[in-house]
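Participant: Dropping the sequence and predicted coords here.
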Amino acid sequence: MALFTAETIPMISSLAKATSLALERNQLVIQALNIMANSCYSMIKSKKFFNYSTQLYCARAMTGAIVVYDHVDSLGKEKSL
């Protein structure tokens, strides 16, 4: 039964809740996530790092920023409903 009632990705859910709380205090949180995702994308695209593990880290950070942005942003919430 716990498999059906548990959160699918607890880490992302916790980050989304914490980001939502931070967003109530400062509206620039959305912009920070946007800058982080775009910066990581630019670094991956330009092949700034030659080490594969560093590129993978940037890809994971970019993906995490996009997913949290989607959970926190009002337009992202409307799409998921």
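Facilitator: Looks like it came in fine.

Participant: which other residues reach the helix or strand hosting Asp70?
Facilitator: Following DSSP states H and E, one finds Asp70 within helix 52-72. Helix 52-72 has contacts (Cβ atoms under 8 Å, 6 or more residues apart in numbering) with 12-13, 15-16, 19-20, 23, 29-30, 33-34, 36-37, 40-41, 43-44, 47, 49, 76-77, 79-80. Every C-beta, even on glycine, is put in place using the N, C-alpha and C of the backbone.

Participant: In helices, which of these fall?
Facilitator: Under the assignment DSSP state H, the contacts of helix 52-72 contribute 12-13, 15-16, 19-20, 23, 29-30, 33-34, 36-37, 40-41, 43-44, 76-77, 79-80 to helices.

Participant: Filter those down to the buried ones.
Facilitator: Neighbour counting with 16 or more other Cβ atoms under 10 Å marks 15-16, 19, 29-30, 33, 36-37, 40, 43-44 as buried within those.

Participant: nearest to Thr8, of those residues?
Facilitator: Set against Thr8, the nearest of these by Cβ to Cβ is Ala16 (12.0 Å).
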